[in-house]
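Chemist: Any chance you could fold what I've pasted below:
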Amino acid sequence: MSDAAPILQMTRIHKRFPGVKALSDVRLRLYPGEVHALMGENGAGKSTLIKVLTGVYSVDEGTVELEGVPITVHSPLEAQAAGISTVYQEVNLCTNLTVAENIFIGREPRRLGRILWKEMNRRAEELLKDRLNLNIDVTQPLHMYSVAVQQLIAIARALNISSKVLILDEPTSSLDKNEVDQLFQVVRKLKSEGLAILFVTHFLDQMYEISDRVTILRNGEFAGEYLAKDLSRLELVQKMIGKDLNMLEELPVLSEGKLDTAGEELVKAAGLGRKGAIEPFDLSIRKGEVVGLAGLLGSGRTEIARLLFGADKPDTGKLTLGGGRGTIHSPRDAIQQRIAFCSENRKTEGIIGDLTIRENMILALQAKQGLFKTIPRKRQEEIADQYIRLLNINPPNPEQLIRNLSGGNQQKVLLARWLLTEPDLFILDEPTRGIDIGAKAEIQKLVLSLSHQGMSFVFISSELEEVLRVSDKIAVLRDRHKVKEISDKDMSQHTIMQAIAGS
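Modeler: Next up, the predicted model:
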C-alpha cells in the first residue's frame, strides 16, 4: 500500500437539491496503487458523490484536488480530460460496433481524415493483452462477448485516455463468481501499476477481497474512512446502518402475542434461484404469516420478491403453490393466483402520476378482471371512497391527481390498489421508505391486522426495527445468499446484524 500523498482529495463536499441535502461535509481520499471501496446503504450519497466528482453535478461547497491541484469539472468529458474515468454498472458502450471501435470511439487513429482500421485494431489488441491480459478478436461486434468481457472493454477504453483515477460503479452486480474473479485479476494488475481505483459496491465479501481502504457514507454524511484490514464486518455493518450493537434498545415486537393464525402452506420455494440475481434458496410462507426479508442493499431481497411474483424467471428450483393451484410464469399469473406485489420503486413502477387516485386504485383489479369487463364508473367511485376512508388517504378527493399527494399517501393508494384484488399473499418491498412516521405506523398496523385475518405477507425493509416489529419469522440475506432464517425468541437486531455481517 502506498505511503504517497492522495492523488485525489475531496474536502467538505456539500450538495443540495430542492428540499433535500444530498451531501453534507463529505470527504474522500484516493491513493495511487490502492483500491478504495465506497460503501453505504441506499440513499447514503454514493451516486451523488460520484456525479460531483465526474462533473455531472456541480458542487455547492467544498474542494476537489487532483495531484494537489484544485480542479473544477463541469462535465464527464472534462473529468476524462483531467484523468478521471468511470465504468458504470450498465456498460455504456455500443454493442453493434466492434471491440476496437468501442475502445477508440471518438479518438480513432486517422490519416488525411480516413480511419486507419488496421492500426486501430492492432492498438486495441495490444491494449487488451498488455494491460488486461485479455486475448479476443477486436474486430468482432461487442454483443458477441459476455457482460464480464464488456466490462473489461469499458475499462480498456478508460485506460486508453490516460486515466489517473478509475471509478468502478457496481461493476460486479451482473457477474457470476468466475467473471468476478476475472475482473478482480485485472483490478489487481491495474493497482500494481499505480492506478487509484474507486470501487463502489454493496457486496461485503467482495469489498474485503479486493479493497485496501474503505470510506462509508450514511444519509449523505461521512461516516468514516478505514483500512479494510482494520475494520471488522460487524463494525462495517454498524457504520452503514448507524447502529451500535452495544447500545441497541430493542423496540417491542408488534407481532408478539399475535394469535397463531398461521395455517397451511401457501407458497413454497425450493432451490429457487436466478443467475446473477439470487443464489438458490428455500422459503416457506404459510397462511396468515408475515415473513420478513432483512439484508443490506443488493443482498437479494428484491430479487426474491420478483421471483415470487413472476416478474423474473428462475434458472433453478421450483415454486409451489398450496392446494395444487398451479405455477407462476408472469405477474399476470401471480395476480390470478391472488398474489400482490408493491414494488420499492413507487415513482417508476407504482404510481401513474397523470392519473387520479381513483384511476390508480382500480388498475390491478381491472387487470385481474380483464379488458373486456370494465369496472363501471359508479363502482370505481364507491371503491375509491371506501379505501380513502379505510386507509385515511389525504386529501380525501378521489379525483385528485396522485402525483400531487405526499409519498405516504401515494403509498396508501398503492396498498389499496392491491388490497382490492383480495390477495392471499401480499409482497411489500420497502412499503414505508420515504414516508413520515405516522404513515409508517399505520401501514405496520394494517399489515398485522390483515395477517390476523389470514392474509400472508412478505415484508421487506431496510429498517431492522420495522422488520422485527411485524414479522413472524425473518430470512436474512447477504451478498445474494439466504444465510439464515430466524424466528421466535431468536429475532433481534443483534442476531440479524451478526448474520448480515457473517459473524
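Chemist: Tell me where the stretch 1-150 of the chain has helices.
Modeler: 46-53, 76-82, 99-104, 117-132, 147-159 (DSSP state H, counting those that start in this stretch).
Chemist: among those, which is nearest residue 444?
Modeler: Closest approach to residue 444 among the helices of the stretch 1-150 of the chain (C-beta to C-beta): helix 46-53, 28.6 Å. C-beta: built from backbone N, CA, C; applies to glycine.
Chemist: neighbouring contacts of the closest one?
Modeler: Outside helix 46-53, the residues that touch it by C-beta atoms under 8 Å, 6 or more residues apart in numbering are 8, 10, 13, 15, 22-23, 26, 28, 38-40, 57-59, 64, 73, 79, 84, 86, 167, 169, 198, 200, 217, 220.
Chemist: before we move on, the earlier item: do you know which of the helices of the stretch 1-150 of the chain lies nearest residue 345?
Modeler: For the helices of the stretch 1-150 of the chain, distance to residue 345 was read as C-beta to C-beta. The smallest value, 15.1 Å, belongs to helix 46-53.
Chemist: gap between that closest one and the chain center?
Modeler: Taking C-alpha atoms, centre = their mean, to the nearest Å, one finds helix 46-53 lying 16 Å from the centre of the chain it belongs to.
Chemist: what does stretch 390-397 give?
Modeler: 31 Å.
Chemist: how close does residue 271 get to residue 329?
Modeler: Separation of residue 271 from residue 329 (C-beta to C-beta, to the nearest Å) stands at 18 Å.
Chemist: ugh, wrong one, I meant residue 31
Modeler: Going from residue 31 to residue 329 by C-beta to C-beta gives 50 Å.
Chemist: So which of the two has more stuff around it?
Modeler: residue 31 (20 against 11; other C-beta atoms under 10 Å).
Chemist: The more buried one contacts residue 6, correct?
Modeler: Yes: applying C-beta atoms under 8 Å, one finds residue 31 in contact with residue 6, separated by 5.5 Å.
Chemist: Packing partners of the helix or strand of the chain with the lowest mean pLDDT?
Modeler: One helix or strand of the chain scores below all others by mean pLDDT, DSSP states H and E: helix 346-349, with a mean of 74. Judged by 3 or more C-beta pairs under 8 Å, 6 or more residues apart in numbering; DSSP states H and E, the packing partners of helix 346-349 are helix 407-419.
Chemist: Can you dump the C-alpha atoms of the helix it packs on in CSV for me?
Modeler: Taking Å, rounded to 0.1, in the frame of the first residue of the first chain, the C-alpha atoms of helix 407-419 are listed here in CSV:
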residue,chain,number,x,y,z
GLY,A,407,-45.2,10.0,-0.5
GLY,A,408,-47.1,8.4,2.4
ASN,A,409,-50.5,8.9,0.7
GLN,A,410,-49.2,7.7,-2.6
GLN,A,411,-48.1,4.5,-0.9
LYS,A,412,-51.6,4.1,0.7
VAL,A,413,-53.2,4.3,-2.8
LEU,A,414,-50.9,1.6,-4.0
LEU,A,415,-51.8,-0.6,-1.0
ALA,A,416,-55.4,0.0,-1.8
ARG,A,417,-54.8,-1.0,-5.4
TRP,A,418,-53.6,-4.4,-4.4
LEU,A,419,-55.9,-5.0,-1.5
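Chemist: Identify all contacting residues around it.
Modeler: So helix 407-419 is contacted by 340-342, 346, 350-351, 357, 360-365, 387-388, 390-394, 402, 405, 426, 431-432, 434-436, 438-440, 442-443, 446, 450 (C-beta under 8 Å, 6+ apart).
Chemist: ok, 6 Å please
Modeler: Residues from elsewhere that reach helix 407-419 (C-beta atoms under 6 Å, 6 or more residues apart in numbering): 340, 342, 350-351, 357, 360-361, 363-364, 387, 391, 393-394, 402, 434-436, 439.
Chemist: confidence score at residue 385?
Modeler: Note on residue 385: pLDDT of 92.
Chemist: Counting by contacts, list what the helix or strand just after the least confident helix or strand of the chain packs against.
Modeler: Once the chain leaves helix 346-349, the next helix or strand it forms, by DSSP states H and E, is helix 357-361. Packing partners of helix 357-361 (3 or more C-beta pairs under 6 Å, 6 or more residues apart in numbering; DSSP states H and E): helix 377-391, helix 407-419.
Chemist: Give me the distance from the last one to the chain's centre.
Modeler: If you compare the mean C-alpha spot of helix 407-419 with that of the full chain, they lie 22 Å apart, counting by C-alpha atoms, centre = their mean.
Chemist: Let me see the mean pLDDT of it.
Modeler: pLDDT averaged over helix 407-419 gives 85.
Chemist: I'd like the next helix or strand past it.
Modeler: Scanning forward in sequence from helix 407-419 by DSSP H and E, the next helix or strand is strand 425-429.
Chemist: I'd like the mean pLDDT over that following strand, please.
Modeler: Here the average pLDDT along strand 425-429 is 93.
Chemist: Need the residues that contact the helix or strand following that strand.
Modeler: Sequence order places helix 437-452 as the next helix or strand after strand 425-429, per DSSP H and E. The contact list for helix 437-452, computed with C-beta under 6 Å, 6+ apart, reads 254, 288, 290, 408, 431, 432, 457, 470.
Chemist: Show me what the third one bridges to in the sheet.
Modeler: So that's residue 290. residue 457 (DSSP bridges).
Chemist: ok, how many other residues are close to the residue nearest to residue 91 when sequence neighbours are not counted?
Modeler: Nearest non-adjacent residue to residue 91, counting by C-beta to C-beta, 6 or more residues apart in numbering: residue 150, 4.6 Å away. By other C-beta under 10 Å, 20 other residues sit near residue 150.
Chemist: same question, residue 427
Modeler: Number of residues near residue 427 (other C-beta under 10 Å) recorded here: 29.
Chemist: and if you look at residue 11?
Modeler: So residue 11, with other C-beta under 10 Å, has 15 neighbours.
Chemist: follow-up on the earlier one: so the residue nearest to residue 91 makes contact with residue 89?
Modeler: No: using C-beta atoms under 6 Å as the test, residue 150 is too far from residue 89 to be in contact (11.7 Å).
Chemist: Touching both of those two, which residues are there?
Modeler: By C-beta under 6 Å, 6+ apart, residue 150 and residue 89 have no common neighbours.
Chemist: all helices of the stretch 201-350 of the chain, in order?
Modeler: Listed in chain order, the helices of the stretch 201-350 of the chain (DSSP H, counting those that start in this stretch) span 204-210, 233-241, 301-309, 331-336, 346-349.
Chemist: ok so, going back, now render the helices of the stretch 1-150 of the chain as CSV, adding distance to residue 211 and mean pLDDT.
Modeler: Below are the helices of the stretch 1-150 of the chain laid out as CSV (distance: least, C-beta to C-beta, whole Å; pLDDT from 0 to 100):
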stretch, distance to residue 211, mean pLDDT
helix 46-53, 14, 92
helix 76-82, 22, 89
helix 99-104, 27, 92
helix 117-132, 20, 91
helix 147-159, 17, 86
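Chemist: ranking those by burial, who's on top?
Modeler: Of the helices of the stretch 1-150 of the chain, the one with the most neighbours on average (mean count of other C-beta atoms under 10 Å) is helix 99-104, at a mean of 24.
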